[in-house]
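# Build me a model from this:
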Amino acid sequence: MAIISCNECGRAVSDKAPACIGCGAPLPGVEPPSAFKRAPTHSITAPLTPRQLRWRLALSTLTLVLGVIAADAVGRHPAAGRPAATLAALLVVIGLCWFIVAVLQSVQSRRQ
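The predicted model follows:
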């Protein structure tokens, strides 16, 4: 292992490093790790049907709405406690994430 100088910033870097640790510039003569050379793999599962997509959108929307309602109820009654607030926040986060995934899946299925 030798120490070389970066062409961009002049920092001393190992010759085994794929890029400079200071500025991120790629180092000459160094191959990137093999993980970056991988070809994309395609799923062998069947795509979702429009009915399945509608159900996912409906259930994710319901979860999100229930989370917002629960958060509003906890906000109006602070005596409900921390577990109720945590549950409400969890419902909102799960519902929102699930909704985003469901929308992206439906957009992707329309493109195919």
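# strand partners of the lowest-mean-pLDDT helix or strand in the chain, parallel vs antiparallel please.
The weakest-scoring helix or strand in the chain, judged by mean pLDDT, DSSP states H and E, is strand 3-5 (a mean of 84). Here strand 3-5 is paired, per DSSP bridges, with strand 12-14 (antiparallel).
# If we go by neighbour counts, what in the strand it pairs with is buried?
Buried residues in strand 12-14, defined by neighbour count with 16 or more other CB atoms under 10 Å: Val13. C-beta coordinates here come from the backbone N, C-alpha and C atoms, glycine included.
# One more: stretch 50-69?
Leu53, Arg56, Leu57, Ser60, Thr63, Leu64, Gly67.
# Without its sequence neighbours, what residue ends up closest to the third one?
Spatial nearest neighbour of Leu57, chain neighbours left out: Ala102 (4.8 Å); criterion: CB to CB, 6 or more residues apart in numbering.
# quick one, what contacts that neighbour?
For Ala102, the contact set (CB atoms under 8 Å, 6 or more residues apart in numbering) comprises Leu53, Arg56, Leu57, Ser60.
# Might you report the residue contacts of the third one?
Counting by CB under 8 Å, 6+ apart, Leu57 makes contact with Phe99, Ala102, Val103, Ser106.
# Just the element for the last one, please.
In this assignment (DSSP states H and E), Ser106 forms part of helix 82-111.
# Using a markdown table, please lay out the contacts of Leu57 together with pLDDT and distance to Ile4.
Below are the contacts of Leu57 laid out as a markdown table (pLDDT from 0 to 100; distance: CB to CB, whole Å):
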| residue | pLDDT | distance to Ile4 |
| --- | --- | --- |
| Phe99 | 93 | 50 |
| Ala102 | 91 | 49 |
| Val103 | 92 | 48 |
| Ser106 | 88 | 50 |
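# okay, those in JSON lines with distance to Ile21 next?
Output for those, formatted as JSON lines (distance: CB to CB, whole Å):
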{"residue": "Phe99", "distance to Ile21": "40"}
{"residue": "Ala102", "distance to Ile21": "40"}
{"residue": "Val103", "distance to Ile21": "39"}
{"residue": "Ser106", "distance to Ile21": "42"}
